[in-house]
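Visitor: This is a predicted model, with the sequence first.
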Amino acid sequence: SDLSFYCLIHFYKRRDTVDMKVLLLLALCGLALSEVFFEEKFDSLDAWVQSTAKGAEAGKFELTAGKFYGDAKLDQGAQTSQDARFYGMSAEFKPFSNTDKPMVIQFTVKHEQNIDCGGGYIKLFDCKLDQPGMHGESPYNVMFGPDICGPGTKKVHVIFEHKGKNHLVKKDIRCKDDVFTHLYTLIVNTDGTYEVLIDNESAQKGSLTEDWDFLPPKKIKDPEASKPDDWVDQAKLDDPEDAKPEDWEKPEHIADPDATKPEDWDDEMDGEWEPPMVDNPEYKGEWKPRQIDNPAYKGVWVHPEIDNPEYNEDDAKDIGKYAENCKIGFDLWQVKSGTIFDNMMITDDPAEAKAAGEALWAVTKDAEKKMKDEQDEVERAKAEAEAAEKGEAEDDEDLDDIDEDEEEEVKEDADEEEGDGHDEL
């Protein structure tokens, strides 16, 4: 209910100073305390371990709210700071399992640099991850977040590990591609359903078994079955009683009857004149016999299917569920740096994540856009002033050129008059 949601927001905002009154308020609201397994607002980078796997090719994360923001403190996040670099860092938290509870992963992404090609996603790992050695092939449980590269790739990745393989979502989930901060949320439910939200609004949802190819198909074609040799699947055949008309054959092109040899044509110099060819209006094309129904036609042969012995319905119960989630990290490549990550959370309660989004992201997004619009207006006015100043300078140069031309003309006229005077002498 709206009351419950309001109570949860109230609780979230005062989480750092929870007291008995707040707990009582929650009890009155009829809500059970949700559990937050990981939370990062990037007041510092102390909890994060930088990967050294890429050596000199590794980029550095820096703390900043960016060039424009709604609140300098709330909007401070970890920003990629060097172009054409790999970025890798991870943080550890108390292990938890989502085998019997929902899992919600949430964070904000701000492509302040108007990114052309680069990732903006996170990876969720188990406790075996070697944090200093984390690299692109390090096994993970979940990968989630936006990925942009040129006009063709603007999507939200949702990838789950299952039985040693990484499975990509089959549905297209389009990400935001502007320069503002956006909230990305993944909800994985215990009943095998999921939902992706962008800015606290549903962008895609469905079933894990239907929207991913985790499991082999339930049915397969019977390997023992094959189409009978006498099976007729030709629906039509040539009419044996149809014959090509005697006057059918006509050339496709004929000499132009209206063409005449040019008067200046020289047979000895130009050779024998031949009229140009034109389409023959009587040409009917290739003759084909009329088609009739094939009396022996049996229809399209359908390969019979059998139950797939490799399909196990019980396997679906474990999809998207992990006995151990212990570390979260960024493993990215960016051509143009400047992306800011913030407001990270992993919880077992979608309402908790939504309240966090409202308390941290929603309250600053309008002010962020306002600051950017004001900056753009200043830049626009500056560009117009520079253009006007440049135009005036060019006009002055043109006037100088005109003055020089006029002076030259006056000088020439004077020379001519002086020359005429000497002739009279």
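Guide: Sure thing, it's come through. Numbers count the residues shown, from 1 in each chain.
Visitor: Show me where the stretch 251-400 of the chain has its helices.
Guide: In order along the chain, the stretch 251-400 of the chain carries the following helices (DSSP state H, counting those that start in this stretch): 267-270, 350-357, 363-424.
Visitor: what's the spacing between Ile148 and Arg174?
Guide: As for Ile148, its distance to Arg174 is 10 Å (criterion: C-beta to C-beta, to the nearest Å). Every C-beta, even on glycine, is put in place using the N, C-alpha and C of the backbone.
Visitor: Settle it for me: which of the two has more neighbours?
Guide: A count of neighbours by other C-beta atoms under 10 Å puts Ile148 above the other of Ile148 and Arg174, at 22 against 12.
Visitor: which non-adjacent residue is nearest Pro217?
Guide: Closest residue to Pro217 apart from its sequence neighbours, by C-beta to C-beta, 6 or more residues apart in numbering: Asn308 at 5.7 Å.
Visitor: my guess is that neighbour meets Lys221, correct?
Guide: No - contact between Asn308 and Lys221 fails when scored by C-beta atoms under 8 Å: they sit 9.9 Å apart.
Visitor: Low-confidence ranges, the stretch 1-150 of the chain, go.
Guide: Scanning the stretch 1-150 of the chain for pLDDT under 70 picks out the ranges 1-32.
Visitor: What are the boundaries of the helices in it?
Guide: When secondary structure is read from DSSP H, counting those that start in this stretch, the stretch 1-150 of the chain shows helices at 2-13, 20-29.
Visitor: Got phi/psi on the nearest residue in space to Lys369 that is not next to it in sequence?
Guide: Distance criterion C-beta to C-beta, 6+ apart; nearest residue to Lys369, sequence neighbours excluded, is Phe180 at 6.2 Å. Dihedral pair for Phe180: phi -100, psi 170, per degrees, to the nearest 10.
Visitor: from memory Phe180 sits against Lys110, does it?
Guide: Yes - contact status for Phe180 versus Lys110: in contact at 6.6 Å, counting by C-beta under 8 Å.
Visitor: what about those two, which has more around it?
Guide: With other C-beta under 10 Å as the criterion, Phe180 and Lys110 differ in neighbour count, and Lys110 comes out ahead with 26 against 16.
Visitor: Please verify my assumption that the more buried one contacts Trp361.
Guide: No - with contact taken as C-beta under 8 Å, Lys110 and Trp361 are classed as non-touching, separated by 10.0 Å.
Visitor: Which neighbours do these two have in common?
Guide: Overlap between the neighbourhoods of Lys110 and Trp361 consists of Thr181, taking contacts as C-beta atoms under 8 Å, 6 or more residues apart in numbering.
Visitor: Tell me if I'm right that Asp307 and Lys219 touch.
Guide: Yes - counting by C-beta under 8 Å, Asp307 does reach Lys219; the two are 6.5 Å apart.
Visitor: Those two: which is more packed in?
Guide: Lys219 (12 against 9).
Visitor: residue contacts, that one?
Guide: Lys219 makes contact with 305-308 under the criterion C-beta under 8 Å, 6+ apart.
Visitor: Quickly, which of the helices of the stretch 251-400 of the chain bottoms out on average pLDDT?
Guide: Mean pLDDT per stretch puts helix 363-424 lowest among the helices of the stretch 251-400 of the chain, at a mean of 75.
Visitor: measure the residue nearest to Lys369 to Ala356 for me?
Guide: Computed with C-beta to C-beta, the distance linking Phe180 and Ala356 is 18 Å.
Visitor: Need the per-residue pLDDT for the most centrally placed residue in the chain.
Guide: Central residue of the chain (C-alpha atoms, centre = their mean): Lys154, 0.8 Å from the mean position. Here the pLDDT value assigned to Lys154 is 95.
Visitor: That one in helix, strand or coil?
Guide: Under the three-state scheme (DSSP: H, G, I helix; E, B strand; the rest coil), Lys154 adopts strand.
Visitor: partners of it in the sheet?
Guide: According to DSSP bridges, Ile148 are recorded as the beta-bridge partners of Lys154.
Visitor: mind checking how far it is from Asp177?
Guide: For Lys154, the distance to Asp177 (C-beta to C-beta) stands at 5 Å.
Visitor: what's the overlap in contacts for those two?
Guide: Common neighbours of Lys154 and Asp177, counting by C-beta under 8 Å, 6+ apart, are Ile148.
Visitor: Identify, by residue count, the longest strand of the chain.
Guide: For the chain, the strand reaching the highest residue count under DSSP state E is reported as strand 85-96.
Visitor: That one: how far from the chain's middle?
Guide: 24 Å (C-alpha atoms, centre = their mean, to the nearest Å).
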